[in-house]
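J.: dropping the sequence and predicted coords here.
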Amino acid sequence: MSELVAGEFLGRKITVLKSTNPAMNNITGEVLNETKNMFIIDKGGREVKIPKSICRFSIDMGSEKLVIDGKFICYRPENRIKELRRITKNIRKVK
């Protein structure tokens, strides 16, 4: 599972399972870009910015689906490998 989290989210299908902003619940699309605090996804030809810290996501990683609380992946994509131990520890709590 740790290699899935350390991997790239660009191009993956992502769904907002739960958010503190009810308007963001059940938004599904393909990740176009990722910053430290946001996913930018393509939702039917429209770009939507989704803050990571207030959402729980389901991310299609090919053979597996990963459910993760966004506050545990609020790192720059290039720095996520450095924080891998902390992230995987918290994924177990999210389940």
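T.: Cool, the structure landed. Numbering: from 1, shown residues only.

J.: quick check: buried residues in the host helix or strand of Lys49?
T.: Assigned by DSSP states H and E, Lys49 belongs to strand 46-51. Residues of strand 46-51 classed as buried: Ile50, Pro51 (neighbour count, 16 or more other Cβ atoms under 10 Å). In this view, the C-beta of every residue, glycine as well, is placed from N, C-alpha and C.

J.: again, but for stretch 34-53
T.: Glu34, Asn37, Phe39, Ile41, Ile50, Pro51, Lys52.

J.: how long is it end to end?
T.: 13 Å (Cα to Cα, to the nearest Å).

J.: quick one: contacts of it?
T.: 9-10, 14, 16, 24, 27-33, 57, 70-71, 73-77 (Cβ atoms under 8 Å, 6 or more residues apart in numbering).

J.: how does it look with 6 Å?
T.: Phe9, Gly29, Glu30, Val31, Leu32, Asn33, Gly70, Lys71, Cys74, Arg76, Pro77 (Cβ atoms under 6 Å, 6 or more residues apart in numbering).

J.: could you identify the most distant pair in the residues you listed?
T.: Glu30 and Lys71 (22.3 Å; Cβ to Cβ).

J.: quick one: the residue nearest to Thr20 when sequence neighbours are not counted from Pro22, how far?
T.: Nearest residue to Thr20, sequence neighbours excluded (Cβ to Cβ, 6 or more residues apart in numbering): Ile54, at 4.5 Å. For Ile54, the distance to Pro22 equals 11 Å [Cβ to Cβ, to the nearest Å].
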